[in-house]
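S.K.: Structure for the following, please:
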Amino acid sequence: MIPQLFVESIDLGDGRSITIETGRLAKQADGSVVVRIGKTVILGTVVSARKASPGIDFLPLTVDYREKFAAAGRFPGGFFKREARPSDSEVLTMRLVDRVLRPLFPSDYHAEVQVMIQLMSHDEDVMPDALAGLAASAALALSDIPFETLISEARVGRIDGKFIINPSRAQLELSDIDMMIGASMDSIAMVEGEMKEISEAEMLEAIKFAHEHIKVQIAAQERLAQAFGKKEVRSYDTEKTDDAVYAKVKEYAYDKIYAIASKGSAKQERSAAFSEVKAECQGLFTEEEYTENADLAGLVGKYFYKTNKEAVRNVTLDLGTRLDGRKTTEIRDIWCEVDYLPSVHGSALFTRGETQALATATLGTSREANQIDSPSEQGEEKFYLHYNFPPFSTGEARPLRGTSRREVGHGNLAQRALKNMIPAENPYTIRIVSEVLESNGSSSMATVCAGTLALMDAGVQMIRPVSGIAMGLITDGERFAVLSDILGDEDHLGDMDFKVTGTSEGITACQMDIKIDGLKYEIMEQALAQARDGRLHILGKLTETMAQPRADVKDHSPKIIMRTIPGAFIGALIGPGGKVIQELQKATGCTIVINEENEMGIVEILGTDPDGIAAVLAKIDSIIFKPQMGEAYEVKVIKMLDFGAVVEYTEAPGNEVLLHVSELAWERTENVTDVVNMGDVFQVKYLGLDPKTRKEKVSRKALLPRPPRDENAPREERAPRPERRDDRGPKRDERR
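M.R.: Numbers count the residues shown, from 1 in each chain. The predicted model follows:
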């Protein structure tokens, strides 16, 4: 018997619709849904353990998003024909969903939760990552897992001033906005995207547009849950509490923490002072009390953190000052340096307070482009950025376990911030690598600033330099403070992490995570305005260090020259088995890449030696050289024969042609050496293909004055009559 299917539809308002269905697939999961639009099918499931593992005091949430190659009718690439570790794009989708869901579970729910989202069928006109948040929330809506409010996510684009919800990849190519928004029915929870220098007002308008569509998607989830039968929320073991312990800790620690926070100090000094107060709080209780209450140590730590958070936040709300003594709008001291690493193509060091990033720029050919091969996207990136966050940057020693999801996400944000400022005519593939050397505050925004300077140091002609800033928020419901250039502690203890990047003309990328419900648009508007002031201040520091990109790449950096040749000559340039191009690369020290496009060959020549590049260009000119009928060319004798001389076009070395003895001079020539010798340079006229031999024919005598004909001279001494083909058209044999 086929189980009953429950379906709800979401109208996107432009003829497209999304359906959410449940009841047939993955019924042993706590919640499961199938989301469809066009030919795209996404399966979303959620399962949570019934009990929390001992000693766990956080939410162990795992969000996993995977794209199946079969969904697009393709095989996985490489030798291992099975989906393996997630791609960067899959990791970024996981982060988009995780960041919205995580704050919406009860703070005392510590049972393991696993959300799995799988692309089962792909449609080229649908970008599946925009549906992942909807699938996750709908699965939670059908489960008995405690979850505070339903959410959804949507992508917004804009073409010719008109907003589009969930645009296709082709539409995004024409759009000046690519933003993902996650929200509940009442408030925005997450924003991430890239823009082409839009204003703060335009960004808010895009967020509001997406939010209205998200409300429709949440209403559909509620209808589906009602039709399916809303389950009663499961009971779970809540955290142990003790009001007496909390009161004792707060009474002792609050004023001390408030005083430390009010003092304004460096991270290490402040951390040491807080740790001392925490140790004193632990000493408020006797050994006997710890023995009698096994949870007491954990309670003291929890209540100290709660008191610390309250006191630090109140310092900012009461006094308008922050942990390091700054005002809410104040930016930390900044210093920058370019050309820090002598051997790289471009480098820059950016330091803001206790955050430092060292960025390098490397230039290459299209061969170094980052290849993208996933079920939902194939292509390449000629500009990409990698971000590394080693443990020493925060004074920690911990195992290195490969690139983390956080590193992928922060690198992607910085890449999106910079990429639209790389001009379309830039011939290089560019790789930026950011090494975070210190971190207390946004290292991704430091990466944007260091990346800008590294690009300019490398001689990349950026359209405009880009800077970035991280904004924070502290609010108690009535009062609020928007913080510019937040510290790590302010990110951890605050209510918002809002990163904005841009140029002097507008915003290029953003990433926002909001940890409270009901954030008003007025607060967001103030945060954007304050962020603009901060961005421009930081941008001024960057341009003080380096106002314009270098006019050219450095002497030790590779220069790239682009040449376009007819497609018919590609084979000749490559040679049999690649012999010609390989020998040319070896002889000149250049890298040569040939791409065929619209029946033309696009040749990229990359090298550091101008003479080597010139030699490659000369070889290309030689290969594609084609003399024109009736034109004169300079040649050089390179070989002597009994019946003529082999000459080489001086403007196309390697192109040889036979100059027959009969074409040397008007007079009868017995020996070739009577007229020309090895190494002689002179002009010849190109006569096209000889109709008899079908070989190219040139003439020296055709450019010489014709001597007058003496009819009284012996026949063998007379000057020849004019050739009929010159004066009277083709000869009789040719007419035949």
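
S.K.: in stretch 642-656, what counts as buried?
M.R.: Across stretch 642-656, burial judged by 16 or more other CB atoms under 10 Å covers 644-645, 647-649, 652-653, 655. Placement of C-beta: from N, CA and C, glycine included.

S.K.: I meant to write stretch 310-322 there.
M.R.: Applying 16+ other CB under 10 Å to stretch 310-322 flags 310-316, 321-322 as buried.

S.K.: How about the contacts made by Leu584?
M.R.: By CB atoms under 8 Å, 6 or more residues apart in numbering, the contact list for Leu584 reads 590, 592, 615-616, 619.

S.K.: Once you drop chain neighbours, what's closest to the residue nearest the centre of the chain?
M.R.: Centroid-nearest residue in the chain, with CA atoms, centre = their mean: Gln415, separated by 4.1 Å. Closest residue to Gln415 apart from its sequence neighbours, by CB to CB, 6 or more residues apart in numbering: Leu385 at 3.9 Å.

S.K.: Pop out the phi and psi values for Gln683.
M.R.: Dihedral pair for Gln683: phi -100, psi 140, per degrees, to the nearest 10.

S.K.: okay but it is in contact with Val647, surely?
M.R.: No - using CB atoms under 8 Å, Gln683 makes no contact with Val647, being 10.5 Å away.

S.K.: Find the residues that touch each one of the two.
M.R.: By CB under 8 Å, 6+ apart, the residues touching both Gln683 and Val647 are Val635.

S.K.: Quickly list what Met512 is bridged to.
M.R.: Val191, Phe498 (DSSP bridges).

S.K.: quick one, what contacts it?
M.R.: By CB under 8 Å, 6+ apart, the contact set of Met512 is 188, 190-192, 496-499.

S.K.: Tally up the residues packed near Gly73, please.
M.R.: Residue crowding around Gly73 was assessed by other CB atoms under 10 Å; the count is 9.

S.K.: Actually, Arg464.
M.R.: 15.

S.K.: So what does it look like in phi/psi?
M.R.: Recorded main-chain torsions at Arg464 are phi -150, psi 150, according to degrees, to the nearest 10.

S.K.: Over to Gln226?
M.R.: The phi/psi pair for Gln226 (degrees, to the nearest 10) is phi -70, psi -40.

S.K.: one step back: pLDDT added to the buried residues of stretch 642-656, as TSV?
M.R.: Shown next, in TSV, are the buried residues of stretch 642-656 (pLDDT from 0 to 100):
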residue	pLDDT
Gly644	92
Ala645	93
Val647	92
Glu648	90
Tyr649	89
Ala652	81
Pro653	80
Asn655	83
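
S.K.: Keep only those of the residues you listed that are in strands.
M.R.: 644-645, 647-649 (DSSP state E).

S.K.: Grab the two from the residues you listed that are most spread out in space.
M.R.: Pairwise distances across these (CB to CB) peak at 15.9 Å, for the pair Gly644 and Tyr649.

S.K.: The stretch 151-300 of the chain: helices as residue ranges?
M.R.: Along the stretch 151-300 of the chain, the segments classed as helices by DSSP state H, counting those that start in this stretch run 169-174, 200-228, 243-263, 267-282, 287-292, 296-319.

S.K.: residue contacts, Ala84?
M.R.: By CB under 8 Å, 6+ apart, the residues touching Ala84 are Pro76.

S.K.: Please apply the same query to Gly264.
M.R.: Counted by CB under 8 Å, 6+ apart, Gly264 has contacts 321-326.

S.K.: Turn those into a markdown table, including distance to Leu43, pLDDT and secondary structure.
M.R.: Output for the contacts of Gly264, formatted as a markdown table (distance: CB to CB, whole Å; pLDDT from 0 to 100; DSSP: H, G, I helix; E, B strand; the rest coil):
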| residue | distance to Leu43 | pLDDT | secondary structure |
| --- | --- | --- | --- |
| Thr321 | 51 | 93 | strand |
| Arg322 | 46 | 92 | coil |
| Leu323 | 45 | 92 | coil |
| Asp324 | 48 | 91 | coil |
| Gly325 | 52 | 92 | coil |
| Arg326 | 48 | 93 | coil |
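
S.K.: quick one on the thing from earlier: for beta bridges, what are the partners of the residue nearest to Gln415?
M.R.: Here Leu385 sits in beta bridges with Ile432, going by DSSP bridges.

S.K.: what's the spacing between it and Phe682?
M.R.: As judged by CB to CB, to the nearest Å, Leu385 and Phe682 stand 57 Å apart.

S.K.: Likewise for Thr45?
M.R.: For Thr45, the distance to Phe682 equals 83 Å [CB to CB].

S.K.: Settle it for me: which of the two has more neighbours?
M.R.: The neighbour comparison of Thr45 against Phe682 (other CB under 10 Å) goes to Thr45, with 22 against 15.

S.K.: In three-state terms, label the more buried one for me.
M.R.: Classification of Thr45 by DSSP: H, G, I helix; E, B strand; the rest coil places it in strand.

S.K.: do the same with Ala551
M.R.: Assigned with three-state DSSP, Ala551 falls in the coil class.

S.K.: quick one, what contacts it?
M.R.: For Ala551, the contact set (CB under 8 Å, 6+ apart) comprises Gly459.

S.K.: Now do it, the pLDDT please.
M.R.: You'll see Ala551 listed with a pLDDT of 94.

S.K.: cool, and Lys231?
M.R.: Predicted confidence (pLDDT) for Lys231: 87.

S.K.: got a list of what it touches?
M.R.: 142-144.

S.K.: 10 Å instead?
M.R.: Contact partners of Lys231, counting by CB atoms under 10 Å, 6 or more residues apart in numbering, are 30-31, 141-145, 225.

S.K.: Ok, Phe209 next?
M.R.: When contacts are counted by CB under 10 Å, 6+ apart, Phe209 touches 154, 156, 158, 163-165, 177, 179, 181.

S.K.: coming back round to it: output the helices of the stretch 151-300 of the chain in a markdown table, with distance to Met600 and mean pLDDT appended to each entry.
M.R.: As requested, the helices of the stretch 151-300 of the chain are exported to a markdown table (distance: least, CB to CB, whole Å; pLDDT from 0 to 100):
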| stretch | distance to Met600 | mean pLDDT |
| --- | --- | --- |
| helix 169-174 | 23 | 95 |
| helix 200-228 | 39 | 96 |
| helix 243-263 | 66 | 95 |
| helix 267-282 | 57 | 93 |
| helix 287-292 | 80 | 90 |
| helix 296-319 | 62 | 94 |
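
S.K.: Turn these into JSON lines, including distance to Gly571.
M.R.: What follows is the helices of the stretch 151-300 of the chain, written out as JSON lines (distance: least, CB to CB, whole Å):
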{"stretch": "helix 169-174", "distance to Gly571": "33"}
{"stretch": "helix 200-228", "distance to Gly571": "50"}
{"stretch": "helix 243-263", "distance to Gly571": "73"}
{"stretch": "helix 267-282", "distance to Gly571": "63"}
{"stretch": "helix 287-292", "distance to Gly571": "83"}
{"stretch": "helix 296-319", "distance to Gly571": "70"}
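
S.K.: which residues of the chain score low on pLDDT?
M.R.: 709-736 (pLDDT under 70).

S.K.: again, 80 this time
M.R.: Residue ranges of the chain with pLDDT under 80: 1, 78, 517-519, 654, 708-736.

S.K.: Give me the neighbour count for Ser343.
M.R.: Ser343: 8 surrounding residues under other CB under 10 Å.

S.K.: so it, which of the three states?
M.R.: Ser343 - assigned by three-state DSSP - is coil.

S.K.: Spit out the contact partners of it.
M.R.: Per CB under 10 Å, 6+ apart, neighbours of Ser343: 360, 554, 556.

S.K.: Among those, which ones are in strands?
M.R.: Using DSSP E, those in strands are Thr360.

S.K.: Name the member of the contacts of Ser343 with the most neighbours.
M.R.: The most crowded member of these, judged by other CB under 10 Å, is Thr360 (23 neighbours).
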